[in-house]
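Asker: sequence and predicted structure are below.
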Amino acid sequence: MAEIECFYSAHSAFAYLGSACLMKIARAAGRRIVHKPMELDKVMAAAGSTAFAARSPGHRQYFFRREIARWSEYRNAPVLAGRPTYHNNDTTLANGLLIAAIEAGVDIDLLSHRLLEAHWRDDADLADRTTLTDLGRDVGLDLEPLLDATQSAGVQAIYASNTEEAIARSVFGSPTYFVDGDMFYGQDRLELVERALQQPFNGKWPPPS
């Protein structure tokens, strides 16, 4: 089956806001979503982005409040009134869990969506093993065996590889989608992703050097 590649982090607001829409678009196009959880801070730093904590209050208010509120309404994806309590917690466990599930042959579309939704709608702590186990049960999965694999050398190597691949392919934020090599940054480009699946856009990415 043809694919839609998706680079993101398990705690990303905009990955959550686009998640249900992405699954709908993929199903309609007969495409499989290839999930590539990445270490977002490293990807942003490699792209030269300023850390969110170092940005102006106005920028943070717009990015983390107004934009999220509008897209939440537009996508019918409920969110908390503010930033999740545990948003600054380490994302290694959640991202590693998604990778471990992929390696175990699990279709993680629903699991990925549930983690993103729980963080941004329900204020879930994605660095907590018990929370992750409960979220797995929500989508019919027993995650206990997979949680032990998240810190394995194999899973961590894939996590590092996803991050390195994202940097090499000029990804600079979460989520970023690729359709047959063409890059689309942000869930607000999903309508363009849908169009590209039906009729590719002119030109090439990356552009000829």
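Answerer: Right, received. Where do you want to start?
Asker: the helices in this protein, which residues?
Answerer: Assigned by DSSP state H, the helices in the chain fall at 13-29, 40-46, 57-61, 67-75, 92-103, 109-122, 129-138, 144-147, 153-168, 190-198.
Asker: can you give me the neighbour number for residue 178?
Answerer: Number of residues near residue 178 (other C-beta atoms under 10 Å) recorded here: 20. (C-beta placed from N, C-alpha, C; glycine too.)
Asker: partner residues bridging it?
Answerer: Residue 178 has these beta-bridge partners by DSSP bridges: residue 5, residue 183.
Asker: report the separation between it and residue 6.
Answerer: Remark: distance between residue 178 and residue 6 (C-beta to C-beta, to the nearest Å) = 8 Å.
Asker: nearest residue to the middle of this protein?
Answerer: When C-alpha atoms, centre = their mean is applied to the chain, the residue found nearest the centroid is residue 8 (2.9 Å).
Asker: isn't it up against residue 37?
Answerer: Yes. Using C-beta atoms under 8 Å, residue 8 is in contact with residue 37, at 6.6 Å.
Asker: list the contacts for residue 25?
Answerer: By C-beta atoms under 8 Å, 6 or more residues apart in numbering, residue 25 lies in contact with 4, 31, 190, 193-194, 197.
Asker: could you list the low-pLDDT ranges of the protein?
Answerer: Applying pLDDT under 70 to the chain flags residues 1.
Asker: let's go with 80 and repeat that
Answerer: Scanning the chain for pLDDT under 80 picks out the ranges 1, 50-54, 208-209.
Asker: returning to that earlier point: which of the contacts of residue 25 sit farthest apart?
Answerer: Farthest apart among these by C-beta to C-beta are 31 and 190. That separation is 12.8 Å.
Asker: returning to that earlier point: columns distance to residue 82 on top of the helices of the chain, output as a markdown table?
Answerer: What follows is those, written out as a markdown table (distance: least, C-beta to C-beta, whole Å):
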| stretch | distance to residue 82 |
| --- | --- |
| helix 13-29 | 11 |
| helix 40-46 | 20 |
| helix 57-61 | 10 |
| helix 67-75 | 10 |
| helix 92-103 | 20 |
| helix 109-122 | 11 |
| helix 129-138 | 19 |
| helix 144-147 | 29 |
| helix 153-168 | 28 |
| helix 190-198 | 25 |
